[in-house]
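J.: Need coordinates for the following:
(chains A, B, C, D, E and F)
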4 protein chains.
Amino acid sequence: MSTSPARTPATARGERTRAALVAAARTVFERDGYLGARLTDIAAEANCSTGSFYTYFDAKEQIFQAVLEAAQDDMLHPGMPRLADDEASPQAVVRASNRAYLQAYQRNARLMQLLEQVAAIDPEFREVRRRRAQVFVRRNAQAIAQLQAQGAADPTLDAELASRALSAMVSRMAYTTFCLGERTSMNELVEGCTQLWVNALRLDDPATV
Amino acid sequence: MSTSPARTPATARGERTRAALVAAARTVFERDGYLGARLTDIAAEANCSTGSFYTYFDAKEQIFQAVLEAAQDDMLHPGMPRLADDEASPQAVVRASNRAYLQAYQRNARLMQLLEQVAAIDPEFREVRRRRAQVFVRRNAQAIAQLQAQGAADPTLDAELASRALSAMVSRMAYTTFCLGERTSMNELVEGCTQLWVNALRLDDPATV
Amino acid sequence: MSTSPARTPATARGERTRAALVAAARTVFERDGYLGARLTDIAAEANCSTGSFYTYFDAKEQIFQAVLEAAQDDMLHPGMPRLADDEASPQAVVRASNRAYLQAYQRNARLMQLLEQVAAIDPEFREVRRRRAQVFVRRNAQAIAQLQAQGAADPTLDAELASRALSAMVSRMAYTTFCLGERTSMNELVEGCTQLWVNALRLDDPATV
Amino acid sequence: MSTSPARTPATARGERTRAALVAAARTVFERDGYLGARLTDIAAEANCSTGSFYTYFDAKEQIFQAVLEAAQDDMLHPGMPRLADDEASPQAVVRASNRAYLQAYQRNARLMQLLEQVAAIDPEFREVRRRRAQVFVRRNAQAIAQLQAQGAADPTLDAELASRALSAMVSRMAYTTFCLGERTSMNELVEGCTQLWVNALRLDDPATV
DNA sequence: TATGAATGAGCCTTCATTCAT
DNA sequence: CATGAATGAAGGCTCATTCAT
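T.: Residues are numbered from 1 along each chain as shown, chains lettered A, B, ... in the order given. Have a look, this model is predicted:
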């Protein structure tokens, strides 16, 4: 699964069909859920026969993996607004970072919910989700450690654990808001999360500044 | 589903059969997952016929609901150590509260993972999970508001949002640790979460004390 | 497979259904061949649903195994006419034995052809066929050895190998005649095979008598 | 099928492709069995497209037929060591003949097993097998008749039936040994079969000499 | 000729649910 | 109440064969 598609199309026509299947799969998955999606429906949506599905994928999991991969660029590298920008205050960086994350989440909300669904069912996708989360956790842990080194963040925190916890917090807020329909505005979310980050890390505590 | 069991056993014998089914269901669900569990297996595990299953339950969801209810006491009211105890410092209360929650989660980890699984699949159980979470969020939001009123917590925070975020944080740490196997000790968890709560609420900030 | 049916019916009704399925299977197998037989057809022929098939059998092989077992009594113990009869001449015994075997083969010709078919496809049934053949080979090898000990058969023969070869000879004659339609009368067969056995073992050679 | 290949390649390139397909088919058939072999695999093994397969063959049976034909020379005319050699004793001729047959069988054991497999499934190939067998049966029947005419073989035997039976015997011994793995050495086989032939035909009975 | 993608009929298998005893 | 056999809709998957390039 890690290497996703079993067979790669050799011709342009094949490339088109495969792409059509992946697009159709996303549509059907988002419409019917992972379990509810039938390969038949995906093929139909892609205007091809069920046999063609098996030309490119071995099973539902595999095409879901392909759907995720097709969306990953947008989800993993949300237009990061100068995270390492020297001029920006740590607080501004946190805010920008949270906003970027939350907006990317919102854009791909149906897909994120699907990932939650599949991860709850299939251990292989729990691993996918874990890896995805870890990208953010690592990135944030390093930023926290750097701030601690600069004397700008609470030095008694375990950077790794704090990153895990605060990242989980933002991620979970995104999930409840965009997937479960908890009614909160983007601004509230961004500001609320940012304030909690800032406080938790003591970014503006006079003692740490 | 909301009113859980369809039919309540009239005889003692029926009571026993029903209880056996619920216990068997928990065993089978925890062993095979929600989707993997077949009603046949549950009946077999309970040493009764498949027909008997339908004497007490209408469907798989319903018996899962019953399993949850049977476990709920332990999960919802984890031996709360005097939350409103006037003598205890806010920090001590947060710590005790987190520890109680995390320990209850650990005790019921398999079931919590199941709930995640089912919630990811079935909207009715998303609601169950939401209600369960809300109990904690409310309780914590009230505590936060009270501390704010006492001048002991950052007054600029939105108590409701902060509670949602920080509760989600702890809950998600519990999930990754006890359900996904992230290796963190109970003490690390309790202390890490507590410190982040304390910082985030500015419980020991001189300015707020 | 060796222990054939996975689940044994508990009630009389189940017993009836299972028996109906086995009978239907023999009919369908003999009509359509092993490969051509669809589980659907077998269930239909037995007047039950496809689901019922799976109540008693896991797969086509398994029900075929059951069909064989149901027929085995007639095939393995063909009314052996006093093989160890002291009064009978060895030649008479060979003749009677061959006749009994060939008649049993003829009675079950369609099934024997099926067994050949399945054995050619499935290694497990090659083993079944081998075991069935071995029963005859052993029995005959012992008879040959006994005749040798009595000075009534060519002592230079390897009794085991001779038995294997001569048994294969009769068996193959039965196959080509009753399954492939080679036109030979039962009498020709019996007499021809018997004469070859008698000669091959030198049963009436003056030197060995 | 009887007229084997549907289309004969016109160009040298076509000739090469066709030959590659036949060779690949033998490899795949021997590896996966007749039923297990997919045309796709054969084409892949021959390093050509599935489409090309249909340029030369109409179906799986047809290429199997081609495989058999390609191997037939070695199988039908095993370097017959002067069968009609006047100088050799009948017994020596039988021995040489059996050895030649058994060695040819051993060389082509996988293919012979395949032929058994296909013959068990497809009536057309039963006919192929029958014709192949008949070549030997005829040849042997003529030899037997000749020996009878010379007063060297039991004159009471039906030459045709005896040939059928004794040929089947050798053929079946070859099958069980080389295809089913019955452990018997080539020498044992040759000597055992020869002795049974000699006895059965009474080739060295003083009365017939 | 060669290519390899596209086709789709066809069969197997599962399991929640019903029902006769 | 208990039993467990019967049901059958539903969907996954294969692979021989066709066809557009």
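J.: Could you check how many residues crowd around the residue of chain A found nearest DNA strand E?
T.: Closest to DNA strand E within chain A is A:Gly51: 1.6 Å, counting by Cβ to the nearest atom of the strand. C-beta: built from backbone N, CA, C; applies to glycine. When counting by other Cβ atoms under 10 Å in any protein chain shown, one arrives at 8 neighbours for A:Gly51.
J.: Which other helices and strands does the helix or strand it falls within contact?
T.: According to DSSP states H and E, A:Gly51 maps onto helix A:50-56. For helix A:50-56, the elements it packs on are helix A:12-36, helix A:39-45, judged by 3 or more Cβ pairs under 8 Å, 6 or more residues apart in numbering or on different chains; DSSP states H and E.
J.: Let me know whether the longest one sits next to chain D.
T.: It stands for helix A:12-36. No. Counting by Cβ under 8 Å from any Cβ of the partner chain, chain D has no neighbours in helix A:12-36; the shortest distance is 13.3 Å.
J.: Now that helix: average pLDDT?
T.: In this model, helix A:12-36 has an average pLDDT of 94.
J.: Quick one: residues in contact with that helix.
T.: Here helix A:12-36 makes contact (Cβ atoms under 8 Å, 6 or more residues apart in numbering or on different chains) with A:5, A:9, A:37-38, A:41-43, A:45-48, A:52-53, A:55-57, A:60, A:63-64, A:66-67, A:70-71, A:110-111, A:114, A:117-118, A:121, B:35, B:121.
J.: Look at the residue in chain A positioned nearest to chain D and tell me its secondary structure.
T.: Using Cβ to the nearest Cβ, A:Ala10 is the residue of chain A that sits closest to chain D, at 10.4 Å. Here A:Ala10 is recorded as coil under DSSP: H, G, I helix; E, B strand; the rest coil.
J.: what's the spacing between it and D:Ser49?
T.: The spacing between A:Ala10 and D:Ser49, counted by Cβ to Cβ, to the nearest Å, is 10 Å.
J.: So between these two, which is more surrounded?
T.: D:Ser49 (12 against 8).
J.: which residues does that one contact?
T.: D:Ala43.
J.: measure it to A:Leu35 for me?
T.: As defined by Cβ to Cβ, D:Ser49 lies at a distance of 38 Å from A:Leu35.
J.: isn't A:Ile42 right next to A:Phe53, touching?
T.: Yes. Counting by Cβ atoms under 8 Å, A:Phe53 is a contact partner of A:Ile42 at 6.5 Å.
J.: List the residues that are in contact with both of the two.
T.: Shared contacts of A:Ile42 and A:Phe53, defined by Cβ under 8 Å, 6+ apart, comprise A:21, A:63.
J.: Tell me if the helix holding A:Gly51 is near DNA strand F.
T.: Yes. Helix A:50-56 is in contact with DNA strand F by Cβ under 7 Å from any atom of the strand, via A:50-51, A:54.
J.: Which of the contacts of helix A:12-36 are buried? Put it as a PyMOL command.
T.: Per 16 or more other Cβ atoms under 10 Å in any protein chain shown, the buried members of the contacts of helix A:12-36 correspond to this PyMOL selection:
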select buried, (chain A and resi 5+37+41+42+43+45+46+48+52+53+56+57+60+63+64+66+67+71+110+111+114+117+118+121) or (chain B and resi 121)
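J.: Contact partners for the one residue sitting closest to the centre of chain A?
T.: For chain A, the residue sitting closest to the mean C-alpha position, by Cα atoms, centre = their mean, is A:Met75 at 5.0 Å. Neighbour list for A:Met75: A:104, A:108, A:111-112, A:132 [criterion: Cβ under 8 Å, 6+ apart].
J.: Just these: which are in helices?
T.: Among the contacts of A:Met75, the subset assigned to helices under DSSP state H consists of A:104, A:111-112, A:132.
J.: what angle separates the worst-scoring helix or strand of chain A on mean pLDDT from helix A:12-36?
T.: Within chain A, confidence by mean pLDDT, DSSP states H and E is lowest for helix A:60-76 among all helices and strands, at a mean of 89. Taking axes from the mean of the first three to the mean of the last three Cα atoms, to 10 degrees, one finds helix A:60-76 and helix A:12-36 inclined to each other by 100 degrees.
J.: Helix A:60-76 and DNA strand E in contact?
T.: No. Counting by Cβ under 7 Å from any atom of the strand, DNA strand E is not contacted by helix A:60-76; separation bottoms out at 13.6 Å.
J.: and that helix with DNA strand F, contact?
T.: Yes. Helix A:60-76 comes into contact with DNA strand F (Cβ under 7 Å from any atom of the strand), by way of A:Lys60.
J.: What's the local residue count around the spatially closest residue to A:Ala70 that is not a sequence neighbour?
T.: What sits nearest to A:Ala70 in space, not counting adjacent residues and going by Cβ to Cβ, 6 or more residues apart in numbering or on different chains, is A:Val22, at 5.5 Å. By other Cβ under 10 Å, the residues close to A:Val22 number 23.
J.: try A:Ala24
T.: With neighbours defined by other Cβ under 10 Å, the count for A:Ala24 comes to 22.
J.: and if you look at the one 5 residues further on?
T.: By other Cβ under 10 Å, 24 other residues sit near A:Phe29.
J.: gap between it and A:Lys60?
T.: According to Cβ to Cβ, A:Phe29 and A:Lys60 sit 9 Å apart.
J.: Can you work out which residues contact both of those two?
T.: With Cβ under 8 Å, 6+ apart, A:Phe29 and A:Lys60 have common neighbours A:Ala37.
J.: before we move on, the earlier item: per-residue pLDDT, the residue of chain A closest to DNA strand E?
T.: Here the pLDDT value assigned to A:Gly51 is 94.
J.: measure it to D:Asp58 for me?
T.: Separation of A:Gly51 from D:Asp58 (Cβ to Cβ): 21 Å.
J.: Check A:Ala159 too.
T.: Per Cβ to Cβ, A:Ala159 is found 70 Å from D:Asp58.
J.: Which one's more surrounded, these two?
T.: Legend: neighbour count by other Cβ under 10 Å for A:Ala159 and D:Asp58, higher for A:Ala159 (21 against 13).
J.: quick one, what contacts that one?
T.: By Cβ under 8 Å, 6+ apart, A:Ala159 lies in contact with A:141-142, A:144-145, A:148.
J.: In strands, which of these appear?
T.: Among the contacts of A:Ala159, none falls in strands (DSSP state E).
J.: Among these, name the buried ones.
T.: Going by neighbour count (16+ other Cβ under 10 Å), the contacts of A:Ala159 have A:141, A:144-145, A:148 buried.
J.: Which residues of chain A lie near DNA strand E?
T.: Contact residues (Cβ under 7 Å from any atom of the strand) of chain A with DNA strand E: A:7, A:9-11, A:13-14, A:16-17, A:47-52, A:54-55.
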